[in-house]
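*Asks:* Below are the sequence and a predicted model for it; my questions follow.
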Amino acid sequence: MAKLSNDIAEKGLSVLKDKNNGKLIAHLNSCVHCGLCADSCIYYRSMPEAKFIPAKKVDLVSSIYRRYCTFSGRVFPGLVGARDLDEETIDEMVDLLFGACTMCGRCTVHCSIGVDISYLVRTGRTMLSNMGLVPKTLQSTIDSAITTGNNMAISDEEFVETLEWLGEDLQMEVDDDTAHIPLNQVGKDMLYTLNPREPKFFPLSISAMAKVFYAAGERWTLSTKMYDVTNYAYYSGNIGEAGVIAQRLYDEMEKLGAKKCILAECGHGSRAFRWEGPNYIRKPYPFEVLTSIELMADYIRTDKIKLDPGKNPDRVTLHDPCNLVRSGGILQEQRYILKKACLDFVEMNPHGNDNFCCGGGGGQLAMSEYNERRINIAKLKADQIIATGAKVVVTPCHNCVDQLTQINVTFKLGIQIKTVAEVVADAIVLNENENTSK
Amino acid sequence: MPTLEIENRVFEVDGDGFLSEPEIWTEEVGRLIAKFDGIEDMSEKHWSIVNIIRKNFEEKGMAPMIRTICKESGLRLREIYELFPLGPARGACRVAGLPKPDGCV
């Protein structure tokens, strides 16, 4: 059990004592314990123990709030279910708020009165982060990003060599010696970002996006200084660290003078930079931020790229990343793309705003401590995939790709997992005279 | 500390099954972890990938870039994913006895 001094407890409590945060106070005081959220939660559905019910996680945070921030809780804690912030409480908070929630937000949309449950879970995480209690596997990913500029500590030299290697590959793919992957170019229309796992281990999605940009005749660049689309401090709830990471991409946009920042296929990264970033750094962006999904849909809609769906004949289904879809509202673009790029696209059930999380969100993939639970909750997703009969699962999120890869092996699904860009790149027709394969 | 038991040998691992002490790794340990992941027979190609990863880890303290693995092994990218269905990180690096890499893997 972790030792807790008064000084450290006070750092955690300061989050709840912020009287200017009206949203927090309203949501902390609103749960009516109706229990509707239980069945919405992938943890509770997979492991039906009361502690996994979202309302119980809310109660963990609100009971501390009552103890220290309300008159009745200070005077009669036992009567109002107010709870001391002590060692036992923080152990439970770490276990349930970090270890048993992907912050997927499915409970939030099912809540009978609209309590933003995932926001309250994240508030609990912020308290733990202030107290220095972030699981060390998650914190080390944040530390890598802060100290090296990317969350996998890839050196500049290794990054540049990888991009040059992929550039050569692109020339062969499109049969054009002038094709290349532009680096650090000033004054382009778009700065593209990457998830570091792409250059490190899974570069097919970089090649795919480079081919899409080539086909669209786009004026784009990558930066070697700041290309990391991820922001793991979003998961830990540490707004200060999240702001450091968001500010770097903001600074790089200004330095290179790009008009639009295009976010790679990354759920939490899109949320952290596009939708929450201006709040982290407390200023609006003077440039536009788009996900690559919206950009590709636009290329197709405006005939900038031509696709032959016959090149993707196998049955394809789509996994909706929670941060991009339920939270960000990017719902139709990926469907529009898949219908144009594949012959046989089918939906999972449920899908869209009601989709089940893959189980890897909320930082779960980084936190080995809770691996067993992460695999337990993944069975729901495996069953959904099997029911579609799909051979390919497409998802616009690298974090989901990794969890789905593990689901594929663990539950012996025998499927392929691809990003949206990979499917689009496979369907691209570069030469109008090329024989279509219908 | 979680453990991994394969053929009566017990290894201390993290929650994801990566060795807690990379220095106890031997080829025999690699073979056992691979078997646990369903790779019954480690081929020459499997070993060439694992040896490149192991060498990079011993020299630089981290997993190599996928480009290094492709270049030094002469294997194509897609072949590597086929040889290790869990991918270079959760598959090959784990067989090579490395700690789990940070990030979305």
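*Replies:* Noted; the coordinates are in hand. Predicted model, so just to flag it, every value in this text is computed and none were measured.
*Asks:* can you give me the strands for the chain?
*Replies:* This is for chain A. Using DSSP state E, the strands of chain A run over residues A:190-192, A:220-222, A:260-263, A:288-291, A:315-318, A:344-346, A:392-394, A:416-418.
*Asks:* that's the other chain; I wanted chain B
*Replies:* Using DSSP E, strands in chain B cover B:3-6, B:9-12.
*Asks:* Ok, which of these comes nearest chain A?
*Replies:* Of all the strands of chain B, it is strand B:3-6 that lies closest to chain A, at 11.7 Å by C-beta to the nearest C-beta. No exception for glycine: its C-beta is placed from N, CA and C like everyone else's.
*Asks:* so, in contact with chain A or not, that closest one?
*Replies:* No. Under the criterion of C-beta under 8 Å from any C-beta of the partner chain, chain A is not reached by strand B:3-6; the shortest gap measures 11.7 Å.
*Asks:* ok, and what's touching that strand?
*Replies:* For strand B:3-6, contacts defined as C-beta atoms under 8 Å, 6 or more residues apart in numbering or on different chains pick out B:10-13, B:17, B:32-33, B:35-36.
*Asks:* Show me the two of these that sit farthest apart.
*Replies:* B:E12 and B:K35 (18.2 Å; C-beta to C-beta).
*Asks:* returning to that earlier point: export the strands of chain B to TSV and tack on distance to A:Y370 and mean neighbour count?
*Replies:* Below are these laid out as TSV (distance: least, C-beta to C-beta, whole Å; neighbours: other C-beta atoms under 10 Å in any protein chain shown):
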stretch	distance to A:Y370	mean neighbour count
strand B:3-6	17	13
strand B:9-12	18	13
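*Asks:* Dump the ones you listed to CSV, plus mean pLDDT.
*Replies:* Shown next, in CSV, are the strands of chain B (pLDDT from 0 to 100):
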stretch, mean pLDDT
strand B:3-6, 91
strand B:9-12, 94
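*Asks:* Could you export those as a markdown table, including distance to A:S144?
*Replies:* Listed next are those as a markdown table, based on distance: least, C-beta to C-beta, whole Å:
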| stretch | distance to A:S144 |
| --- | --- |
| strand B:3-6 | 26 |
| strand B:9-12 | 24 |
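*Asks:* A:G114: which of those is closest?
*Replies:* The nearest among the strands of chain B, by C-beta to C-beta, is strand B:3-6 at 44.5 Å.
*Asks:* who in chain B is up against chain A?
*Replies:* Checking chain B against chain A by C-beta under 8 Å from any C-beta, the hits are B:14-18, B:37-38, B:62-63, B:65-68, B:71, B:77, B:85-90, B:100-105.
*Asks:* Can you give me every residue that contacts the closest residue to A:K391 other than its chain neighbours?
*Replies:* Nearest residue to A:K391 in three dimensions, chain neighbours excluded: A:D314, at 4.1 Å (C-beta to C-beta, 6 or more residues apart in numbering or on different chains). For A:D314, the contact set (C-beta under 8 Å, 6+ apart) comprises A:342, A:344, A:390-392.
*Asks:* ok, of these, which one's closest to A:S118?
*Replies:* A:A390 (28.2 Å).
*Asks:* count of residues packed around that closest one?
*Replies:* 23 (other C-beta atoms under 10 Å in any protein chain shown).
*Asks:* what's the answer for A:C104, then?
*Replies:* Neighbours around A:C104, by other C-beta under 10 Å: 26.
*Asks:* need the contact list for the spatially closest residue to it that is not a sequence neighbour.
*Replies:* Nearest non-adjacent residue to A:C104, counting by C-beta to C-beta, 6+ apart: A:C357, 3.6 Å away. Applying C-beta under 8 Å, 6+ apart, we find A:C357 in contact with A:42, A:102, A:104, A:106, A:322, A:377, A:381.
*Asks:* Need the residues you listed in JSON lines (columns: pLDDT).
*Replies:* Below are these laid out as JSON lines (pLDDT from 0 to 100):
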{"residue": "A:I42", "pLDDT": "98"}
{"residue": "A:T102", "pLDDT": "98"}
{"residue": "A:C104", "pLDDT": "98"}
{"residue": "A:R106", "pLDDT": "98"}
{"residue": "A:C322", "pLDDT": "98"}
{"residue": "A:I377", "pLDDT": "98"}
{"residue": "A:K381", "pLDDT": "98"}
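*Asks:* from the residues you listed, which is closest to A:K136?
*Replies:* Closest approach between these and A:K136, by C-beta to C-beta: A:T102, at 19.1 Å.
*Asks:* Residue of chain B closest to chain A, please.
*Replies:* B:G15 (3.6 Å).
*Asks:* Do you know the pLDDT at that residue?
*Replies:* What the model reports as pLDDT for B:G15 is 90.
*Asks:* what's around A:N29, how many residues?
*Replies:* 12.
*Asks:* That one reaches A:S62, doesn't it?
*Replies:* Yes. Using C-beta atoms under 8 Å, A:N29 is in contact with A:S62, at 7.2 Å.
*Asks:* Spatially, and excluding backbone neighbours, which residue is closest to the most centrally placed residue in chain A.
*Replies:* Taking C-alpha atoms, centre = their mean, the centroid of chain A lies closest to A:H268, which sits 2.4 Å from it. Distance criterion C-beta to C-beta, 6+ apart; nearest residue to A:H268, sequence neighbours excluded, is A:N323 at 4.9 Å.
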